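Novice: one predicted model, sequence on top.
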Amino acid sequence: MLSVTPSLLPRPALFQGVVTAVAFAIGYLLGVAVWRVARSLVRRRPAPALRSVLWITYAAIWLAAVAVLSVQALSWQNEVRALVEMPPLGGADLAPFLTGFVPVAVLLLAIGKAHRRLFLALRRKSGPPMAILGTATVVVAGTAGVALAAVVAVDTIYAGLNAGPEAGLAEPDSTYRSAGPDSAIDWEDLGRHGSAFVGGGPTADEIAALNDAPAMQPIRVYAGLASADTVEERARLVVEELERTGAFDREVLVVATTTGSGWLEAQTVDSIEYLHAGDTAIAALQYAYTPSWVSFLFDPDAPVEAARVLFDAVEERWMQLPVDDRPQLISYGLSLGAHGSQAVFDDLDAVRARTDGAMFVGSPAGSTLWQSLQDARDPGSPVWRPVLDEGREVRWMSRDGDQGLLSGPWEHPRVLYLQHPTDPVTWLTPELLWRAPEWLEQGQRGEDVSPSMRWIPVVTVVQVGIDMLGGEAVPARHGHNFGDVVTSGWREVTGDAGLGEEAVAAIRTEIESYAPIQPFQE
């Protein structure tokens with residue numbers, strides 16, 4: 001039952017089947033253990049007729065419980081889906097659920113039975129102590145082997161994906177892009193996400209058509225893992241590319257920290273280019289090729305080091321420019337990239353002293369700067385949309401329109417956090433194992449968080465962890481998808497190219513129309 005209780009985001013039926021199968025196997029194991037203990041304590045056995053009645057009653061209760069739980073689970077999932085603006089599930093979704101549940105449950109039960117037979121065989125041959133030791137050794141070794149195989153498989157898959165540009169993506173022919181004419185960076189070295197970044201995005205003509213005003217060709221600079229051996233060498237290449245493309249003569253220069261796989265989210269980078277009519281430059285480098293959760297588990301210092309080295313290198317060159325003839329220097333990061341970008345700065349004062357603004361999107365809870373600002377928020381402000389010093393230096397936005405909630409002055413340089421109540425990346429912390437989170441308390445719960453969601457020790461941290469796998473595959477305004485608010489966020493931090501409200505609304509509509517991000521993209 002615990003496996004189907006609601007969490008922050010809806011779970012696909014197939015995946016829910018797998019999760020329920022694992023929970024069923026764990027429950028079965030615990031049930032067997034309790035049964036063994038009970039049988040050892042209770043010597044008296046009921047008569048055969050009574051045993052038959054008890055087993056029939058037990059089976060009937062199970063069938064009734066499954067029926068009731070199925071209806072309740074569907075109700076819970078549809079409640080969550082409605083809150084995040086997704087269509088409801090129906091009876092047809094039972095098929096993918098069973099497709100995930102049945103084979104996994106059978107496999108896990110078979111593994112359990114095999115270990116039981118092993119234990120019994122060892123007990124007959126060597127006695128209980130050696131049976132326990134031998135079976136435990138097999139379990140630990142098997143689990144470690146599966147985990148190692150999974151890690152190797154993930155690394156192999158993503159190394160292959162990163163080996164070159166995606167099929168059908170054309171090498172840029174613009175001097176304003178890395179890997180374009182006269183660039184020192186090779187197209188084949190950019191990796192999957194780097195090539196998508198420099199080979200994609202709106203052109204000057206597309207920006208001009210949407211804004212109904214003249215536009216420049218945006219500058220995009222990127223160094224992949226294969227572009228140079230060390231992060232310092234890649235940062236040096238990026239600065240050279242910024243020089244070559246004329247990036248230091250643009251209105252806005254964004255130093256972006258990628259996610260773990262080297263990805264930069266199209267909604268965010270495209271929107272600032274539209275807002276400033278292409279008078280922008282965005283610089284980034286790759287520090288890994290695996291998804292963010294893998295990169296964070298196995299090399300948590302990588303995004304921090306990459307962000308620091310790149311920002312320091314760009315800042316050093318930027319500081320050499322005349323004060324009145326510099327582009328706006330902006331720090332940006334999404335998810336693990338937001339973690340890395342924030343780690344460049346010791347505190348809020350340092351962000352504002354070293355930049356002309358910053359936007360951190362979907363920050364992980366483990367980011368020190370984010371946590372310190374959350375903890376210092378004004379009394380009474382919700383944890384999912386805090387207010388600090390009445391918004392004088394830093395603000396939080398959850399959706400478009402939040403920029404009008406505070407009437408007091410917002411001084412430049414501005415620091416902005418984009419943060420959703422249902423973003424599992426932001427709310428997943430180890431403390432969920434043993435302590436109810438503040439964001440589920442009365443008066444703190446976000447408007448799109450299910451009222452049926454309750455904190456359950458251990459279970460909630462697993463559920464939110466599972467939510468992370470599909471955090472982007474929901475409509476904008478929810479989860480880890482910020483397409484609805486990035487345009488307004490950039491406008492608050494960097495301004496725009498003098499666009500009217502009609503043009504800004506057109507940009508916002510265009511950005512929101514992007515397809516939802518696929519799981520494991522970052």
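Specialist: Arrived safely.

Novice: so for the residue positioned nearest the centre of the chain, what's the pLDDT?
Specialist: Nearest to the mean C-alpha position of the chain, by CA atoms, centre = their mean, lies residue 425 at 5.0 Å. You'll see residue 425 listed with a pLDDT of 92.

Novice: next, the contact list for it, please.
Specialist: 335, 362-364, 468, 471, 480 (CB atoms under 8 Å, 6 or more residues apart in numbering). The C-beta positions use only the backbone N, C-alpha and C, and glycine is treated the same way.

Novice: which of the residues you listed lies closest to residue 34?
Specialist: Checking the contacts of residue 425 against residue 34 with CB to CB, the nearest one is residue 468 at 32.5 Å.

Novice: pull the number of nearby residues for the closest one.
Specialist: Burial of residue 468 is recorded as 23 neighbouring residues (other CB atoms under 10 Å).

Novice: for it, which non-adjacent residue is spatially closest?
Specialist: Nearest residue to residue 468, sequence neighbours excluded (CB to CB, 6 or more residues apart in numbering): residue 424, at 4.5 Å.

Novice: for residue 82, see how far away the one you found is.
Specialist: 18 Å (CB to CB, to the nearest Å).

Novice: looking at the two, which one has more neighbours?
Specialist: The residue with more neighbours, out of residue 424 and residue 82, is residue 424; 23 against 14, by other CB under 10 Å.

Novice: could you pull out the strands in the stretch 151-300 of the chain for me?
Specialist: Taking DSSP state E, counting those that start in this stretch as the test, the strands found in the stretch 151-300 of the chain are 219-223, 252-257, 280-285.

Novice: wait, I meant the chain
Specialist: Using DSSP state E, the strands found in the chain span residues 219-223, 252-257, 280-285, 328-334, 357-361, 394-397, 414-418.

Novice: list the contacts of residue 204.
Specialist: 215-218, 278.

Novice: per-residue confidence for the closest residue to residue 186 other than its chain neighbours?
Specialist: Spatial nearest neighbour of residue 186, chain neighbours left out: residue 179 (6.4 Å); criterion: CB to CB, 6+ apart. Per-residue confidence for residue 179 comes out at a pLDDT of 93.

Novice: quick check, residue 179 in contact with residue 190.
Specialist: Yes: applying CB atoms under 8 Å as the test, residue 179 and residue 190 come out as touching, 6.0 Å apart.

Novice: overlap in contacts, these two.
Specialist: residue 198.

Novice: rewinding a little: can you report how many residues neighbour the residue nearest to residue 186?
Specialist: Counted with other CB under 10 Å, residue 179 comes out at 27.

Novice: now residue 185
Specialist: 26.

Novice: again, but for the one 5 residues further on
Specialist: Neighbours of residue 190 under the rule other CB under 10 Å: 28.

Novice: just residue 153 next, same as before
Specialist: 10.

Novice: tell me how far it lies from residue 299.
Specialist: 18 Å.

Novice: and for residue 186?
Specialist: Residue 186 is 25 Å from residue 299, by CB to CB.

Novice: what do you get for residue 458?
Specialist: With CB to CB as the criterion, residue 458 and residue 299 are 27 Å apart.

Novice: give me the more crowded residue out of these two.
Specialist: Ranked by neighbour count (other CB under 10 Å), residue 458 and residue 299 place residue 299 first, with 15 against 11.
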